[in-house]
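Trainee: structure of the sequence below:
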Amino acid sequence: MEYLSLVPATALGYLTFRATTNPNARIRRKLPNIKVKRLQLFPIIRLQAFGKTLHLHHWVNFSLLLVLSGFTSIAILDHYFTRGLLIGGIIQGLTLPRGQRRVFACRCPHCIN
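Mentor: Take a look at the predicted model:
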């Protein structure tokens, strides 16, 4: 019976992350940028070092959390609704074009197109 909550939660996760991860979306532009020196924590996790930018995508983070939820009993990760949101976020991230799924991005002048 609890598996029935997985489908709407997955759809909600997909739609939520589709609306909030697009840099041109109105919701995304209203989100605050939380940044400490070379580390940006919100809405994107980015680390800038040695002329490179490491971008930790939400779908990678959610994949790790989903795997972790199978092995541990952390309270919030045990709910099917939470797992559905994670699955929706993973699906949304994997539907992006391959060029937007890069983990490293160089900031040097001859690499910027």
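Trainee: every contact and neighbour count from this point should use C-alpha atoms.
Mentor: Noted.
Trainee: show me where this protein has its helices.
Mentor: 6-21, 26-30, 58-71, 80-94 (DSSP state H).
Trainee: out of those helices, deepest packed?
Mentor: Mean neighbour count, computed with mean count of other CA atoms under 10 Å, is highest for helix 80-94 among the helices of the chain, reaching a mean of 22.
Trainee: show me what it is packed against.
Mentor: Here helix 80-94 touches helix 6-21, helix 58-71, going by 3 or more CA pairs under 8 Å, 6 or more residues apart in numbering; DSSP states H and E.
Trainee: sorry, back to before: redo the helices of the chain as CSV? Include distance to Ile45.
Mentor: Shown next, in CSV, are the helices of the chain (distance: least, CA to CA, whole Å):
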stretch, distance to Ile45
helix 6-21, 12
helix 26-30, 14
helix 58-71, 8
helix 80-94, 14
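Trainee: of those helices, which shows the lowest average pLDDT?
Mentor: Here the helices of the chain differ in mean pLDDT, and the lowest is helix 26-30 at a mean of 85.
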